[in-house]
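*Asks:* predicted model follows, preceded by the sequence.
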Amino acid sequence: VQLQASGGGSVQAGGSLRLSCTASGSIVSIRGMGWYRQAPGKVRELVASITRFGATNYADSVKGRFTISRDGAKMTVALQMNSLKPEDTSVYYCYMLTSNGDSYLPSWGQGTQVTVSS
């Protein structure tokens, strides 16, 4: 399974970016999808997640500003980021919990840089 993320970039505070991540490979089912981020010198933290049923979960720091969505048929998860702040600057990683018909295993994207300037 491979995840390809796109959509990162540089933006001024208050701006918006949209991240997208698409899976490819031998996938029968996807249980969950989401985004993590990791800033230099900090641990990787969950930003948002979404289940196969559409239930979402957000870090407190992004609630009301970020929206996660998924397209199961296209095996894609997206993160719409609005009202961006300098503290959102980080490398963002998508993940998916996928199964090829056996057990579920996590897969990670390559990371995409988001830089927010003040």
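*Replies:* Sure thing, it's come through.

*Asks:* end to end, how far does stretch 31-44 reach?
*Replies:* 21 Å (C-alpha to C-alpha, to the nearest Å).

*Asks:* number the residues from 852 up from this point.
*Replies:* Yes, from this point I'll number from 852; that puts the last item at stretch 882-895.

*Asks:* how far does that stretch sit from its chain's centre?
*Replies:* Offset of stretch 882-895 from its chain centre (C-alpha atoms, centre = their mean, to the nearest Å): 8 Å.

*Asks:* one more: stretch 896-911?
*Replies:* Between the mean C-alpha point of stretch 896-911 and the mean C-alpha point of its chain there is a distance of 9 Å (C-alpha atoms, centre = their mean).

*Asks:* which residue sits closest to the residue nearest the centre of the chain, ignoring its sequence neighbours?
*Replies:* Compute the mean C-alpha point of the chain, and by C-alpha atoms, centre = their mean the closest residue is Trp886, 2.7 Å away. By the measure of C-beta to C-beta, 6 or more residues apart in numbering, the closest residue to Trp886 outside its immediate chain neighbours is Val898, 4.4 Å from it. All C-beta spots, glycine's among them, are computed from the backbone N, C-alpha and C.
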